[in-house]
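Colleague: what follows is a predicted structure for the sequence shown.
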Amino acid sequence: MTHRVLITAAATFALALGAFGLLARGDRTEVTGPSVRASLPSLPPPSATTDQRIAALQQTVRMAPQVADGYTLLAGAYAQKVRETGDASFYNRAAGALRTALALDPHDAAALTQRGALELSRHDFRDGLRDALAARRLAPLVDKPFGVLVDALVELGRYGQAQRALQEMVDRRPDLAAYARVSYFRELHGDLAGARDALVRALSAGGEAAENVAYVDTLLSHVDLLRGRLDLAAREAREALARFPGYPAAGAALARVQVARGDLRGAIRRMRGVVARLPLPEHVILLGETQQAAGHARAARRTLALVGAEQRLLAAAGVNTDVELSIFEADHGSPSRALSLARAAWAAAPSVRSADALGWALTRSGHRAQGLRWARRALALGTADPAFRAHAALAGDRAARAPALRSVALSPLLRKELER
């Protein structure tokens, strides 16, 4: 059965990554090969927690140190740990496990696919694409490399190639991984209703871990916030918390709904808990900007000062945050540094995200005419992202101002600037 209807919503068919998002939106499940060799010792059951999986797989590689699959599975468990805790140091552990796997078998498609996923997590999209293509050549009948391939092509701005690869991915195996990518691609092209439909299908398909499904609930909350459906967005964020108690991404999603409703005090209280649990830069920035919008200038300065330290931890784990850090510097730091970072981001991955960052950095640096050209380039796909539209409006695009202001998802700080 073909599922072409899912991704041919005209040419409008299509992280959203929040600032400093660690992964491109897509498969949150483990990337493994077509089979696990029978020579491996017993593996952890599907019901095992991530910590239990890590412990069991560490024992597995000690018992079978010459089998590459054990190290690949362990690397996937380490990557899952990052998603659940935000501790980017597990990326380095995953990289070490994959080095061993590929030393044992340089042509192992499963290890290449997992390394590609790790490279995408670190925002090294070109190397991720290289590994995905290599895995596809080595194992053309295996589906897993398609997720890495699609994500890399999207983040490199190769949208036509990404659409063709995603169509094949959906036709071959319409699962959570495929539907989540369909959603993001549609969202990039402004098709929010289609993006939501794909996420509902992703929920129906289910995932291998509670975090996987909670993640999709969180994405649903994000899309419904963009659609202005605040009750739905709040309900979906709460469902994510019910599936995965204490899930920081869901807590942040619920805080964004509170901001949209004008409940800044409640959002600040919630985000303090999220930051205490998982001080990712995106969470710290949301807390700081909400404090700023509420008039708590001193508290906001203290909070936003933490971003640099968190970014350094990510950099130590090999994560490239040029796009996200450029936006942060343009908003709260040095426009010249923002411009340098944005130019590096565009050179590394010429996507609409990096075009938006470069346009905003140029605008903040006093080069509005150049900023406007890049802002319009960022809007070329038709995205409904209110920050993209606000950046274009503040660079001089009058047509972008009204839709930006209509969005309940627009940050209070950008709204204040637009209303001046």
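Modeller: That came through fine.
Colleague: low-scoring stretches of the chain, by residue?
Modeller: 1-39, 41-42, 208 (pLDDT under 70).
Colleague: quick one, domains of it?
Modeller: 4-170, 321-420 (automatic domain parsing).
Colleague: closest to L225 out of those?
Modeller: domain 321-420 (4.8 Å; C-beta to C-beta). C-beta coordinates here come from the backbone N, C-alpha and C atoms, glycine included.
Colleague: what is the end-to-end distance of that closest one?
Modeller: One end of domain 321-420 to the other measures 31 Å (C-alpha to C-alpha, to the nearest Å).
Colleague: same question for stretch 80-90.
Modeller: 9 Å.
Colleague: tell me which residues of it come out buried.
Modeller: 80-84, 86, 88, 90 (16 or more other C-beta atoms under 10 Å).
Colleague: next, count neighbours for V170.
Modeller: 25 (other C-beta atoms under 10 Å).
Colleague: renumber starting at 6 from here on
Modeller: Sure thing, new numbering starts at 6, so read that last one as V175.
Colleague: I'd like to know which elements the strand or helix carrying it is packed against.
Modeller: Secondary structure assignment for V175, by DSSP states H and E: helix 164-177. Helices and strands touching helix 164-177, as assessed by 3 or more C-beta pairs under 8 Å, 6 or more residues apart in numbering; DSSP states H and E, comprise helix 150-160, helix 181-193.
Colleague: switch those over to a markdown table; also include distance to L283.
Modeller: Converted to a markdown table, those look like this (distance: least, C-beta to C-beta, whole Å):
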| stretch | distance to L283 |
| --- | --- |
| helix 150-160 | 23 |
| helix 181-193 | 21 |
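Colleague: make JSON lines out of these and add mean neighbour count.
Modeller: Listed next are these as JSON lines, based on neighbours: other C-beta atoms under 10 Å:
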{"stretch": "helix 150-160", "mean neighbour count": "28"}
{"stretch": "helix 181-193", "mean neighbour count": "27"}
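Colleague: so for A272, which of those sits nearest?
Modeller: Comparing the helices and strands packed on helix 164-177 against A272 with C-beta to C-beta, the closest turns out to be helix 181-193 (23.1 Å).
Colleague: could you tell me the angle between the helix or strand just after that closest one and helix 164-177?
Modeller: Next in sequence after helix 181-193, counting helices and strands by DSSP H and E, comes helix 197-210. Here helix 197-210 runs at an angle of 40 degrees relative to helix 164-177 (axes from the mean of the first three to the mean of the last three C-alpha atoms, to 10 degrees).
Colleague: buried residues in stretch 140-150?
Modeller: Buried, per 16+ other C-beta under 10 Å, within stretch 140-150: 140-141, 143-144, 147, 149-150.
Colleague: closest one to A258 out of those, please.
Modeller: K149 (27.7 Å).
Colleague: I'd say that closest one and L117 touch.
Modeller: No. The criterion here is C-beta atoms under 8 Å, and K149 misses it with L117 at 10.2 Å.
Colleague: got the buried residues for stretch 394-405?
Modeller: Under 16+ other C-beta under 10 Å, the buried positions of stretch 394-405 are 394-400, 402, 405.
Colleague: what's the farthest-apart pair in those residues?
Modeller: Longest span within the buried residues of stretch 394-405, C-beta to C-beta: R394 and A400, 10.7 Å.
Colleague: picking that back up, helices - which of the buried residues of stretch 85-95 land there?
Modeller: 85-89, 95 (DSSP state H).
Colleague: closest one of those to L330?
Modeller: V87 (18.8 Å).
Colleague: surely that closest one meets A100?
Modeller: No. Using C-beta under 8 Å, V87 is not in contact with A100; the gap is 11.6 Å.
Colleague: hey, what's in contact with both of those two?
Modeller: Residues touching both V87 and A100 (C-beta atoms under 8 Å, 6 or more residues apart in numbering): none.
Colleague: thinking again about what came up before, how far does the helix holding V175 sit from its chain's centre?
Modeller: 19 Å (C-alpha atoms, centre = their mean, to the nearest Å).
Colleague: the inter-axis angle of it versus helix 150-160?
Modeller: 160 degrees.
Colleague: report the buried residues of helix 164-177.
Modeller: 164, 166-168, 170-172, 174-175.
Colleague: next one: stretch 383-392
Modeller: 383-384, 386, 388-392.
Colleague: now do stretch 259-278
Modeller: For stretch 259-278, by 16+ other C-beta under 10 Å, it's 259-265, 269, 271-273, 275-277.
Colleague: cool, stretch 329-341 as well?
Modeller: Neighbour count says stretch 329-341 has 329-338, 340 buried, by 16+ other C-beta under 10 Å.
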